[in-house]
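Asks: Any chance you could fold what I've pasted below:
(chains A, B and C)
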Amino acid sequence: MAVSQQVFLRDAMRRLNLTRDVFSMRIGVKRRALDTWLLPESSQEYRAMPEVVSRFVTEIVENDALLQKYAQSAQSGPLRDRIAYDGKHQLISVDQFTRESAEEFFRIADLMQPIARRQKVSRVLEGAVLGNLFFEASTRTRVSFGAAFCRLGGSVCDTTGFTFSSMAKGESIYDTSRVMSGYVDAMVIRHPEQGSVAEFARATNIPVVNGGDGAGEHPSQALLDLYTILTEFSRLGKLLDGAHIAMVGDLKYGRTVHSLIKLLALYKGLKFSLISPKGLEMPDYILDQISKHGHVVEPSNELKDMAGADVIYTTRVQKERFAAEELEGYSPQFQVSKAVVDQFCGPDVIIMHPLPRDSREGAHDLSVDLNDDPRLAIFRQTDNGIPVRMAIFAVLLGVEGLVQHSLRDVTWSPPSHIGPDDTVFHGLD
Amino acid sequence: MAVSQQVFLRDAMRRLNLTRDVFSMRIGVKRRALDTWLLPESSQEYRAMPEVVSRFVTEIVENDALLQKYAQSAQSGPLRDRIAYDGKHQLISVDQFTRESAEEFFRIADLMQPIARRQKVSRVLEGAVLGNLFFEASTRTRVSFGAAFCRLGGSVCDTTGFTFSSMAKGESIYDTSRVMSGYVDAMVIRHPEQGSVAEFARATNIPVVNGGDGAGEHPSQALLDLYTILTEFSRLGKLLDGAHIAMVGDLKYGRTVHSLIKLLALYKGLKFSLISPKGLEMPDYILDQISKHGHVVEPSNELKDMAGADVIYTTRVQKERFAAEELEGYSPQFQVSKAVVDQFCGPDVIIMHPLPRDSREGAHDLSVDLNDDPRLAIFRQTDNGIPVRMAIFAVLLGVEGLVQHSLRDVTWSPPSHIGPDDTVFHGLD
Amino acid sequence: MAVSQQVFLRDAMRRLNLTRDVFSMRIGVKRRALDTWLLPESSQEYRAMPEVVSRFVTEIVENDALLQKYAQSAQSGPLRDRIAYDGKHQLISVDQFTRESAEEFFRIADLMQPIARRQKVSRVLEGAVLGNLFFEASTRTRVSFGAAFCRLGGSVCDTTGFTFSSMAKGESIYDTSRVMSGYVDAMVIRHPEQGSVAEFARATNIPVVNGGDGAGEHPSQALLDLYTILTEFSRLGKLLDGAHIAMVGDLKYGRTVHSLIKLLALYKGLKFSLISPKGLEMPDYILDQISKHGHVVEPSNELKDMAGADVIYTTRVQKERFAAEELEGYSPQFQVSKAVVDQFCGPDVIIMHPLPRDSREGAHDLSVDLNDDPRLAIFRQTDNGIPVRMAIFAVLLGVEGLVQHSLRDVTWSPPSHIGPDDTVFHGLD
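Replies: Okay, here's the model as predicted:
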């Protein structure tokens, strides 16, 4: 088996969308036995599963994949055609996804993990050039997209600054977009004005990725957030259908939570606790949209309403946006800290944040006292930006089928864990 | 035949420098028959040419190439030695070119087209590093040079900003140039002061390309402009010798038109209509230079004098350069719009612009109402920046002979046309 | 023999740490004969050494290498473990080096020379991504690190500007460092605050290189300075042990000289002439440290005290740092010019400077009248930045053993000398 037993089984459960309980019944073994097979090999209680189980699981997964494939081919064609935006291979909004296409997309992100984790190198996009156009500063997003493109073998041309020198001279978005399209093979665009990225996209046929358009969308962030939830749930043996998601912070202006909640709504029977300071509630039009899908939505202004959540998704309140008086309801008690999490949630809650978080004295963003708590998923979340953005490029450029066979081993020796506080999840498994 | 019949025949006519009429006589077929062979294969009136014609044309072209080669070897050595600047492999001015060396250069740009059009990938410059030094903002030029270098397989180090941090501390151009030369294999330099790029070039032996030096030169722009005219004329079955070129706009400060007209003057019997607002006329020293070559030069302040032109080359009037009173003669009537072009020129005029054009309300730069008019060549022109700049690097670094054998197919699938308004030239052929 | 006789013999002398006199005795030949073998092949007085000498020298060097290897393996493990910072593969301070590890490091820099000199190309780090994070402007250092990483086959993501957009929103160094570590495989960090780079380094396990932290350290500069001295001495047949080093200029704030003198102090019996304007003397804590190692230290305020030096290391006085009155003792007479060097030093002194030097009218930094003087080593010094920074990356990422076998010939044809004033050292040999 090329992958470890742990990865093989987790992956199988995720593909089949089964909990540990249901999965153990499906293959006719005790839940307790399954648990020992799912431990890391270095664990004392680890047991190897019998060969016959491995074969059985392989067969179940393959049959399921076959069925899905038939179902897909019925939907016709490659993923990039099914998620196309206005007939083009562009990613402008999360609205381009269905549950099925999102999950197919995440299987491609899975393919990228050996590269993202620096075990493998791919040069599948060698010769391709990315135009990474940032009309608004966002260093992390820019580097994340750039590094993702490089890890597929491509080259990156960056532009930063509030405007192009040519746009300052009155050049239209139409001209800028068409000119850049003659130079590069794909564009990521970050722009402060809502709708501007779609305008760029209309002026070209090459792949355009929305890297954030003001109060509009930031689809790659929402995709990596959902991918993180699914991956964490897979580790924990949970399903997303029926889960309890608490969103905490600025739910009014937080573009991230708007896009994420739309994607989550593609699943079934979720409960959303939407906890915000007064005046920063989730807009009604989004509440309406979510409720229509039959999810339970519970707005609140108090942290205690996160009780029992499977996911706490925190966002920063951008105080610079508000006059002092508007922030009355927003006090230090609002901070998600270790004490709060311990009081209201269990040992397998996962805590997320789109970052950056404000760690300055006096800010009451997500507390740093959770930094060595394994429930804090924020760095696993940001790490997932690489495979997800690689998958975006691979799909839009139509090379996702070539990646697997393009892999070779890395030549250098990366550290076993990136961060000194990265927890190894022995205890949790 | 590796290329389509259409490309094969067009290419032959261009290499032989023959019109359709003369070419059809040269090979002894009816002009009408030639026209049907020149249609795209998808056209209903398309006809395949007989095998014998293909062989005949091949032989004519090869013999011609042989003759040219003998002529060249008489001129001694590789192109980069013949266009050398002060004995070095550097591109500082269009004055480095003769008609012969320019045309030889364009044959190398032709070689780059399969790469520029994303059919092929080359890694011939793998391991080489470009220093892309922009002491003045020019995003499009910077990205165009950078992408061209990447498409040859090289890596790019960008610097932007009005000055180097070190030059702010009193470092000389001599030191800056020599230090950077130890890091990179070629430099593109954009600098606001005329003559500064030549000063950079004197301090190093590595290839330096002038990316624009204030009121001085911008040779890569002039080369891509001439290449565009030759390519468009080839499509239209026209010759540049004897053509009518109208230049419209700011002819006084427009560095672009100064360099271009010098290159055009290398051809024979051209007619130049130089149309500008009062006070923005082409400088006398350039007029003298052009007239000496026996070209007809007709200065004017009225758009109607473009009548019958084969090329309309428009430039932006940089209003920010002038006090309001100086611009008296310059009114909205001066704008080159669809109505103007229809009134004064024929269906096969080509309309060019160095870009950016000012599309703001109230500006009267080249009108956007031509955007879906196939005569508008501005995006074909900017697209040509890539093969031309690739050719510059290939020639200066001496790898032009290696490119052909370094080609491999692209792995990704680019759109058939880059821009949604890119016209397919069925009707025009 | 793959390398020239000259390089072979020089290299042997450097590895064995022997002068020409001692080396000629060691191999039992006349000093005069050795001198003719050490001339460039193009020299009239050049003689080929007999085959038996070549074999003898090879054997001596190999035995010596074997002994060193045994000694090293006694010290246990690869270089990056022996120079580790806080147990990690990071380069924060020159204090991480011993004489032995510095010399082992320089042998790796030697390996990089064929690449740095554009004879060979390596792609050993293909697929790796460098985060080149400059929170303070330093174009030359940024490009030098970037080009070095590219020359090993990697890709570079640059960030420049006084702050990250996210750090402006209150993000901690801990978060920034950990997030970037998920995107890239190594980071170079330049930051205006002393100690900040170490803080970045603590938050990640990936390789971090200190690219200068305010008044703190700039270890890559000190390493390339020492490498330059050793290389120049090798050419001149000198040893560093017992040499006379004159440091001239601002010795109080010059971070460069502080780091360099610490590295030099690892050698034996040096004499340091520390010549500065009044008020800009080398700090006492550094003097104490150096004296402890048994070196002779002679502070001075007069240029004449450089008399007889083997190396003159000049630094710029950053006048902008001082009020006018503080600079009283600092006059144009303080400038190191050709006249000064001729008066006080011999024909084989080498003159260095960390650059940039101030070449403006009125500045009295290192004079440009030395530009075509072969004793001026400043451009050989800056050129050494590439192999030294390549070696840093190769060592920290653990690929130094793979470089040799990854080499292939360059495809392009670089100039024989980078700078028009680069002297060929016929006369000096």
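
Asks: I figured A:Glu136 was touching A:Arg190, is that so?
Replies: Yes: counting by C-beta atoms under 8 Å, A:Arg190 is a contact partner of A:Glu136 at 5.3 Å. Quick note: C-beta positions are derived from backbone N, CA and C, even for glycine.

Asks: and for the two, which residues touch both?
Replies: Jointly contacting A:Glu136 and A:Arg190 under the rule C-beta atoms under 8 Å, 6 or more residues apart in numbering or on different chains are A:Gly212.

Asks: okay, those two: which has more neighbours?
Replies: It is A:Arg190, of A:Glu136 and A:Arg190, that has more neighbours when counted by other C-beta atoms under 10 Å in any protein chain shown, with 24 against 20.

Asks: Which secondary structure element is home to that one?
Replies: Element membership for A:Arg190, per DSSP states H and E: strand A:186-191.

Asks: which other residues reach that strand?
Replies: A:128, A:130-136, A:138, A:141-142, A:145, A:149, A:177, A:180-181, A:196-197, A:200, A:204, A:206-214, A:393, A:396-397.

Asks: In helices, which of these appear?
Replies: In this view, those that belong to helices under DSSP state H are A:Thr141, A:Arg142, A:Phe145, A:Phe149, A:Ser177, A:Met180, A:Ser181, A:Ser196, A:Val197, A:Phe200, A:Phe393, A:Leu396.

Asks: quick one: which of those residues is most hemmed in?
Replies: A:Val197 (32 neighbours).

Asks: Pull out the buried residues from stretch A:238-255.
Replies: A:238-240, A:243-255 (16 or more other C-beta atoms under 10 Å in any protein chain shown).

Asks: go on, stretch A:283-299?
Replies: Buried residues in stretch A:283-299 (16+ other C-beta under 10 Å): A:Ile286, A:Leu287, A:Ile290, A:His295, A:Val297.

Asks: and the gap between A:Gly254 and A:Ile286?
Replies: 11 Å (C-beta to C-beta, to the nearest Å).

Asks: hmm, the helix or strand hosting A:Gln404 touching chain B?
Replies: According to DSSP H and E, A:Gln404 maps onto helix A:400-406. Yes: using C-beta under 8 Å from any C-beta of the partner chain, helix A:400-406 reaches chain B at A:Leu402.

Asks: gap between that helix and the chain center?
Replies: Chain-centre distance of helix A:400-406: 22 Å, with C-alpha atoms, centre = their mean, to the nearest Å.

Asks: Identify each buried residue in that helix, please.
Replies: For helix A:400-406, by 16+ other C-beta under 10 Å, it's A:Glu400, A:Leu402, A:Val403, A:Ser406.

Asks: Which elements pack onto that helix?
Replies: helix A:99-116, helix A:385-396 (3 or more C-beta pairs under 8 Å, 6 or more residues apart in numbering or on different chains; DSSP states H and E).

Asks: Enumerate residues external to that helix that contact any of its residues.
Replies: Contacts of helix A:400-406 (C-beta under 8 Å, 6+ apart): A:79, A:108, A:111-112, A:115, A:122-124, A:152-153, A:391, A:394, B:411.

Asks: tell me the two of those that are most distant?
Replies: A:Leu79 and A:Arg123 (22.0 Å; C-beta to C-beta).

Asks: So for the two, which sits in the more crowded spot?
Replies: Counted by other C-beta under 10 Å, A:Leu79 and A:Arg123 do not tie: A:Leu79 has more neighbours, with 22 against 18.

Asks: Now do the same for the more buried one: its pLDDT.
Replies: What the model reports as pLDDT for A:Leu79 is 95.

Asks: and the gap between it and A:Ala265?
Replies: 21 Å.

Asks: same question, A:Tyr227
Replies: 16 Å.

Asks: so which residue of the stretch 101-250 of chain A comes closest to chain C?
Replies: A:Val121 (3.1 Å; C-beta to the nearest C-beta).

Asks: Could you pull up phi and psi at the closest residue to that residue other than its chain neighbours?
Replies: Of all residues not flanking A:Val121 in the chain, C:Gly127 sits nearest, at 3.1 Å (C-beta to C-beta, 6 or more residues apart in numbering or on different chains). Per-residue torsions, C:Gly127: phi 100, psi -20 (degrees, to the nearest 10).

Asks: how much space between the closest residue to A:Ala394 other than its chain neighbours and A:Met112?
Replies: Spatial nearest neighbour of A:Ala394, excluding adjacent residues (C-beta to C-beta, 6+ apart): A:Glu400 at 4.2 Å. Using C-beta to C-beta, A:Glu400 is found at 9 Å from A:Met112.

Asks: okay, and the common contacts of those two?
Replies: Joint contacts of A:Glu400 and A:Met112 (C-beta under 8 Å, 6+ apart) are A:Ala391, A:Ala394.

Asks: Now do the contacts for the residue lying closest to A:Arg389 once chain neighbours are set aside.
Replies: Of all residues not flanking A:Arg389 in the chain, A:Ala148 sits nearest, at 3.7 Å (C-beta to C-beta, 6+ apart). By C-beta under 8 Å, 6+ apart, the contact list for A:Ala148 reads A:Gly385, A:Ile386, A:Arg389, A:Met390, A:Ile392, A:Phe393.

Asks: What subset of those residues is buried?
Replies: A:Gly385, A:Ile386, A:Arg389, A:Met390, A:Ile392, A:Phe393.

Asks: What is the three-state secondary structure of A:Leu251?
Replies: coil (DSSP: H, G, I helix; E, B strand; the rest coil).
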